[in-house]
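A.B. asks: coordinates only, no sequence provided:
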């Protein structure tokens, strides 16, 4: 079971809402909407995806990483490195 399993429906709901935002962006471009309006919506969709990513990261750290650390051994080190790499990817994006 993954750390986010308890909130799976909430994540799916948020991702479907973001999917709708992206379809809206496609329509805006197709309809030749004003550039700033499109950019505003791109920014909103980006922030929404970042919020999902941060939520998943928090779940991963509090569940998967914490469990691995409690168990100890090489798996704990691997989970910490995995979480650090995920954080680095989020910071770069």
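C.D. replies: Yes, it's here. Since we're looking at a predicted model, the values are computed, not measured.
A.B. asks: who touches the helix or strand containing residue 59?
C.D. replies: Here residue 59 sits within helix 35-59, counting by DSSP states H and E. For helix 35-59, contacts defined as CB atoms under 8 Å, 6 or more residues apart in numbering pick out 2-4, 7, 11, 14-15, 17-18, 21-22, 24-25, 28-29, 83, 86-87, 90, 93. Where C-beta positions appear, they are placed from N, C-alpha and C, glycine not excepted.
A.B. asks: how about low-confidence regions in the protein?
C.D. replies: 1 (pLDDT under 70).
A.B. asks: got the residue ranges for the strands in it?
C.D. replies: Using DSSP state E, no strands are found in the chain.
A.B. asks: re earlier: weed out the non-buried ones from the contacts of helix 35-59.
C.D. replies: In these, burial by neighbour count holds for 3, 4, 14, 18, 21, 25, 28, 83, counting by 16 or more other CB atoms under 10 Å.
A.B. asks: could I get the residues you listed as CSV with distance to residue 70?
C.D. replies: CSV is the format used below for those (distance: CB to CB, whole Å):
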residue, distance to residue 70
3, 14
4, 19
14, 29
18, 34
21, 39
25, 43
28, 48
83, 15
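A.B. asks: out of the residues you listed, which sit inside helices?
C.D. replies: 14, 18, 21, 25, 28, 83 (DSSP state H).
A.B. asks: of all the residues you listed, which two lie farthest apart?
C.D. replies: By the measure CB to CB, 28 and 83 form the most distant pair in those, at 36.1 Å.
A.B. asks: for residue 62, give me its contacts.
C.D. replies: Residue 62 is in contact with residue 3, counting by CB under 8 Å, 6+ apart.
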